[in-house]
Structure formats: C-alpha cells, structure tokens
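Enquirer: Build the 3D model from these lines:
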Amino acid sequence: MDTKILLVEDEVSIRKFIKITLERENYEVYEAGSGEEGLAIAKDVTPNIVLLDVMLPGMDGFEVCKNLREMFPDLGIIMLTAKAEDYDKIMGLQNGSDDYMTKPFNPTELTLRLKSLERRLQRDNPSKRSNRYIEDAPFKIDTYGRKFFCDEKELELTPTEYEIIKLFLDNKGRALKREEILQSVWGEEFLGDSKIVDVNIRRLRSKIEIDAAHPKFIETVWGVGYRWQSQKD
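Expert: Predicted coordinates:
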C-alpha cells in the first residue's frame, strides 16, 4: 500500500509543485489549504505523514501540529517554513514535529527527508528481534508495539522520540555523540544540523525526568553528546 501523505499548504502554486513531486515518487497525496481543513482530512484518511506549513490562515501550523500529535501519536510530521530562524524550527519540534524544512527547498531533499522518516516509522520488525522488551527500571520499551512505559504507564512519544530513547536503552552508559544520534535516528543522508538532536532531547527530558533541568537519566556529556545513565548502576 502506498504511503499516504497529507499536504497542508495554503499557497496553491507551492502545493501543486509539492504534490507533483510526491506523486512521481508514488505517494498517495491529500491536500488541504488551511489547518482546519487539514485536521478534518486527517480524521477521514489517517495519513502516515503530514507535510505542514507553519504560516497558515486561521490556525497556524504549530497549533495544527499539536492537535495532530494528540490525535495520532505515531504520525510522521515534517514542518515547512519560509523562515530560517531557529525559533520556528524549535517551536515546531516542541509541538511534536519530527523534522523541518525551510522553503524554498530542493525536491530531491524533500524526497530524502520523507524516505528517512518512513524508515523511522517502519523500524523494529518483530520478526527481526528475539527480545520483545528492552527494560531499564522504571522504563520499558515494547518493540512489537513501539510503545514506551514508565512504571507500567505508557508515555506518548513521537516516532523520533521513540527511536532516540530506544537508541539510549540499547547503549546504556555509553556516551553517544550528537553525530551518532543524528545518523542512527535521522539517517546518514539527513541534510539538517545537529541542533535537532538537542531539541528532541529537551523534549524527551520534559516527558521522562522528574526535574528536566537536572536530568538523572539522559545526561549531557559536555563536548561530546549524551549518555543514558541507568539508575541500577
């Protein structure tokens, strides 16, 4: 079955250009010109990935992103912004997006970003893993269901957050460079910068740490990256 992509973009010319690009790659594309229309279509078709413009009439892309993430925790979301400022990128990530692209962008780059996100959404085939669970109390990952638990209570993670936490639990106690995390989660062909790692780490800490300003689990290794510190050590 083709991957279903919902494109939420109010500029008709840009929307048509992106749609043609995606259909050439055999994606099934749905279009919306506003955030409200995008949310209504998402409820009807349950897309796999949403390409979401930041500057929309009425409800802006950040609010749409937040709503989509609440509706579909496993949805892939890429924000599209005409601005290169870090603020827009960080706001999008904090509201639940998996990636961002600054317009204008190369169609090839868009395709690479989509394929990278698709791989993240499709990882952890149960037939390829002998151990269903990865545990480090109070946390547990169910790799079959792609679910994450703290004290047996499920925590909602984005697909990107799930991949990061799984990478940490697979490498307990090991200092991981930002570049390693970037390549493992986003893929070697990712064309963005490593700041996307830091923003996702901050978002993860806000979900799993008692005090995100003084993290116990995801430690910063200055000049290197991050390390998962097991509390059993």
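Enquirer: Quick one: mean pLDDT for stretch 50-61?
Expert: Average pLDDT, stretch 50-61: 92.
Enquirer: can you pull the buried residues of that stretch?
Expert: Val50, Leu51, Leu52, Asp53, Val54, Leu56, Met59, Gly61 (16 or more other C-beta atoms under 10 Å). C-beta: built from backbone N, CA, C; applies to glycine.
Enquirer: can you check stretch 10-17 too?
Expert: Result for stretch 10-17 [16+ other C-beta under 10 Å]: buried residues Asp10, Ile14, Arg15.
Enquirer: Same check on stretch 19-31?
Expert: Those would be Lys19, Thr21, Leu22, Tyr27, Val29, Tyr30, Glu31, for stretch 19-31 by 16+ other C-beta under 10 Å.
Enquirer: Stretch 196-216 now?
Expert: Ile196, Val197, Asp198, Val199, Asn200, Ile201, Arg203, Leu204, Arg205, Ile208, Pro215.
Enquirer: So which elements touch the helix or strand hosting the fifth one?
Expert: To tie it back to what came earlier, the one meant is Asn200. According to DSSP states H and E, Asn200 maps onto helix 195-208. In terms of contacts (3 or more C-beta pairs under 8 Å, 6 or more residues apart in numbering; DSSP states H and E), helix 195-208 is packed against helix 86-94, helix 159-170, helix 178-185, strand 218-221.
Enquirer: Can you read off the backbone torsions of Ala137?
Expert: phi -50, psi 130 (degrees, to the nearest 10).
Enquirer: How many residues are close by it?
Expert: By the criterion of other C-beta atoms under 10 Å, Ala137 has 10 neighbours.
Enquirer: Phe217 is in contact with that one, correct?
Expert: No. The criterion here is C-beta atoms under 8 Å, and Ala137 misses it with Phe217 at 11.1 Å.
Enquirer: Tell me the residues that contact both of the two, please.
Expert: Gln231 (C-beta atoms under 8 Å, 6 or more residues apart in numbering).
Enquirer: ok, now how distant is the residue nearest the centre of the chain from Thr158?
Expert: The centroid of the chain falls nearest to Asp98 when counting by C-alpha atoms, centre = their mean (2.3 Å). The gap separating Asp98 from Thr158 is 6 Å, by C-beta to C-beta, to the nearest Å.
Enquirer: which neighbours do the two share?
Expert: With C-beta under 8 Å, 6+ apart as the test, Asp98 and Thr158 both reach Ile77.
Enquirer: which residues in this protein form helices?
Expert: With DSSP state H as the criterion, the chain has helices at 12-24, 35-45, 61-71, 86-94, 107-122, 159-170, 178-185, 195-208.
Enquirer: closest to Asp151 out of those helices?
Expert: helix 195-208 (11.0 Å; C-beta to C-beta).
Enquirer: what is the mean pLDDT for the closest one?
Expert: The model assigns helix 195-208 a mean pLDDT of 91.
Enquirer: what angle sits between it and helix 159-170?
Expert: 80 degrees (axes from the mean of the first three to the mean of the last three C-alpha atoms, to 10 degrees).
Enquirer: contact partners of helix 195-208?
Expert: Against helix 195-208 from outside (C-beta under 8 Å, 6+ apart): 86, 89-90, 93-94, 99-100, 139, 150, 155, 157, 160-161, 164-165, 178, 181-182, 185-186, 212, 215, 217-218, 225-226.
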